[in-house]
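Student: turn this into a model:
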Amino acid sequence: MTASPVTARQARRVLLLLTFTRWFPVGLTIGVTTLLALERHMSLAQIGVIFSMQGFVVLGLELPTGGFADALGRRPLLVASAVVALASGLVFITAHSFGAFVVALLLQGVFRALDSGPLESWYVDTAHADDPTTLVEDGLSRAGMVLGLSIASGALLSGGLIAWHPVRALTALELPYWCAIGFFVLHLVAVSLLVREPRTHVDATGLRRAVASAKGAPAVVVDGIRTLGRSRVLLALVLVEVFWSIGMIAFETLMPVRLAEVAGGETRAGALMGPVSAAAWGLFAVGSAAAGLTSRRIGVGWTALVARVLNGAFVVVMGLMAGPVGLVTAFLITYTLHGAGGPVHSTLLHRQAQARNRTTVLSMNSMVAGGCYSLGLLALGPLAEHAGTTTAIITAGAFSILGAALYLPAIRQERAHAPAVAAEPTPA
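Tutor: Next up is the predicted model:
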């Protein structure tokens, strides 16, 4: 690119704007995606297969796409991810068959893999190129706040649109998705116009590096597995995700289905999921803040264990609720505890990592979570269809509680190194 360099302040503004255009459409669709598939006569077993596709694609592409971003530049990947997001949305909203929904989620997986990381990397590199002393933590923290507010506001608008249903040519659940597609277009235009890099990376050298990165991905995975094998504490922490991800299926994928059952249909549930999702994301932030306070009192490891047990327990409570008020209340508490578990789990992971392998450790944790989520969908979808969503939700919650025991090695290590750990910053 030949345009003038981007200043650190400009880069932060771009980061915040693109974070909004990226995540606002997620808020518009977060409560209606499963319901729209149900409305178009997909069974729960089929929905499990459909939504598992995204996780499997991300599992296979996460490491190679990271190499592409470093080799070809962040802008090409951001533009490509925006194009694929638009394509995925168009395929999904026009899908009326199992095969079409599968294609939409395969494309969604490609989008998520391409989108994972390059915007933050662009911001950090651009800000430091302008001013090496820039505290990028401030920009990243604000981006996290914008992300939450974007999803919450999008969810509120989605619920309002469903309740209002102003366009009778569309079903009530379709309108928020078409609005999201409009934002996908806006995001693509914004990325194309606002993301500038100091030089083009698309040359023969960059392409060779990208190909080499893709070929080297299996070796990176093997190295990550060896890293896990050398640390009993790290292995236990990563295995927590096997159980945590199953619990997440209950309150992310099965919750709208159960709400439709107890509230009187998909449209009614879609209208409720808007404000409920917005409140859940707000409570997620409250839980994250509470985890920082709690960890100072009882330790990071014990905070993670308690949050995991209570999160799974309230997933079970969700399954036991027979009415919408009880279900929504349990869901909101579950999401609060979900927010509490995230930062302390990340803190424990970072304690086991070093600068040379930090990205590998985080990627392995993410890959285990995504892979198990997809496998769990393949099991819980048929269970929900044949035994009922109540049974599937209770099973997922009870199983997720078991993973809390895997925090015990980290707790013992934290206790053994109490003076050193006390000096470390705790998550806020």
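Student: so the closest residue to T253 other than its chain neighbours is in which element?
Tutor: Of all residues not flanking T253 in the chain, T34 sits nearest, at 5.8 Å (CB to CB, 6 or more residues apart in numbering). Where C-beta positions appear, they are placed from N, C-alpha and C, glycine not excepted. Using DSSP states H and E, T34 sits within helix 33-39.
Student: name the residues that touch that helix?
Tutor: For helix 33-39, contacts defined as CB atoms under 8 Å, 6 or more residues apart in numbering pick out 46-47, 50-51, 92-93, 101, 171, 173-174, 177, 253, 256-257, 260, 266, 269-270, 273.
Student: ok, back up a step: the residue nearest to T253 - how many residues pack around it?
Tutor: By the criterion of other CB atoms under 10 Å, T34 has 26 neighbours.
Student: do G160 as well
Tutor: Going by other CB under 10 Å, the residues that sit close to G160 add up to 13.
Student: so it makes contact with G274?
Tutor: Yes: if you go by CB atoms under 8 Å, G160 and G274 touch, sitting 6.4 Å apart.
Student: which strands and helices sit next to the helix or strand containing G292?
Tutor: If you go by DSSP H and E, G292 is part of helix 266-298. Counting contacts by 3 or more CB pairs under 8 Å, 6 or more residues apart in numbering; DSSP states H and E, helix 266-298 packs against helix 33-39, helix 136-164, helix 255-263, helix 300-320, helix 324-352.
Student: of these, which approaches A289 most closely?
Tutor: Counting by CB to CB, A289 lies closest to helix 324-352 out of the helices and strands packed on helix 266-298; the figure is 8.4 Å.
Student: what's the angle between that closest one and helix 300-320?
Tutor: 160 degrees (axes from the mean of the first three to the mean of the last three CA atoms, to 10 degrees).
Student: distance from helix 324-352 to the middle of the chain?
Tutor: 13 Å (CA atoms, centre = their mean, to the nearest Å).
Student: which of the helices and strands packed on helix 266-298 sits closest to L105?
Tutor: The closest of the helices and strands packed on helix 266-298 to L105 is helix 33-39. By CB to CB, the value is 9.6 Å.
Student: kindly export the closest one (C-alpha atoms) in PDB.
Tutor: The C-alpha coordinates for helix 33-39 follow below in PDB (Å, rounded to 0.1, in the frame of the first residue of the first chain):
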ATOM      1  CA  THR A  33     -29.700 -19.300  14.000                       C
ATOM      2  CA  THR A  34     -30.900 -22.600  15.600                       C
ATOM      3  CA  LEU A  35     -34.500 -21.500  15.500                       C
ATOM      4  CA  LEU A  36     -34.400 -20.700  11.800                       C
ATOM      5  CA  ALA A  37     -33.100 -24.200  11.000                       C
ATOM      6  CA  LEU A  38     -35.900 -25.600  13.100                       C
ATOM      7  CA  GLU A  39     -38.400 -23.400  11.300                       C
END
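Student: mind showing which ranges of the stretch 251-400 of the chain have poor pLDDT?
Tutor: 354-360 (pLDDT under 70).
Student: swap the cut-off to 90 and go again
Tutor: For the stretch 251-400 of the chain, residues meeting the criterion pLDDT under 90 lie at 264-265, 274, 281-296, 300, 339-340, 342-371.
Student: now swap in the stretch 1-150 of the chain and tell me
Tutor: Looking at the stretch 1-150 of the chain by pLDDT under 90, you get 1-8, 30-31, 54-77, 112-150.
Student: in it, which spans are helices?
Tutor: Under the criterion DSSP state H, counting those that start in this stretch, the stretch 1-150 of the chain contains helices at 8-29, 33-39, 44-72, 74-94, 98-115, 118-130, 136-164.
Student: can you list contacts of the fourth one?
Tutor: With contact meaning CB under 8 Å, 6+ apart, helix 74-94 is reached by 1, 18, 25, 33, 36, 65, 68-69, 100-101, 103-105, 107-108, 110-111, 114-115, 118-119, 121-122, 125, 174, 177-178, 180-181, 184-185, 187-188, 191-192, 195-197, 201-202.
Student: and those, which are buried?
Tutor: Buried subset of these (neighbour count, 16 or more other CB atoms under 10 Å): 18, 25, 33, 36, 65, 68-69, 101, 103-105, 107-108, 110-111, 114-115, 118-119, 121-122, 125, 174, 177, 180-181, 184, 187-188, 191, 195-197, 201.
Student: state the distance from A37 to L149.
Tutor: 27 Å (CB to CB, to the nearest Å).
Student: look at those two and report which has more neighbours.
Tutor: More neighbours surround A37 than the other of A37 and L149, with 25 against 19 (other CB under 10 Å).
Student: next one: the more buried one from G381, what distance?
Tutor: In terms of CB to CB, A37 sits 11 Å off from G381.
Student: please enumerate the shared neighbours of those two.
Tutor: Contact criterion CB under 8 Å, 6+ apart; residues shared by A37 and G381: 46-47.
Student: how many residues are close by G89?
Tutor: Quick note: G89 (other CB under 10 Å) scores 24 neighbours.
Student: again with A236
Tutor: A236 has 19 nearby residues by other CB under 10 Å.
Student: and I246, by the same measure?
Tutor: Other residues close to I246 by other CB under 10 Å number 26.
Student: my guess is it contacts A396, does it?
Tutor: Yes: I246 lies in contact with A396 (CB under 8 Å); the separation is 5.1 Å.
Student: tell me, what's touching these two both at once?
Tutor: With CB under 8 Å, 6+ apart as the test, I246 and A396 both reach 376, 380.
Student: re earlier: list the buried residues of the helix holding G292.
Tutor: Under 16+ other CB under 10 Å, the buried positions of helix 266-298 are 266-285, 287-288, 290-292, 294-295.
Student: again with stretch 134-154
Tutor: 134, 136, 139, 143, 146-154.
Student: next: stretch 301-314.
Tutor: 301-314.
Student: other residues contacting that stretch?
Tutor: 240, 243-244, 247, 287, 291, 294-295, 298, 330, 333-334, 337-338, 340-341, 344-345, 348, 397-401, 403-404, 407-408, 410-411, 413-414.
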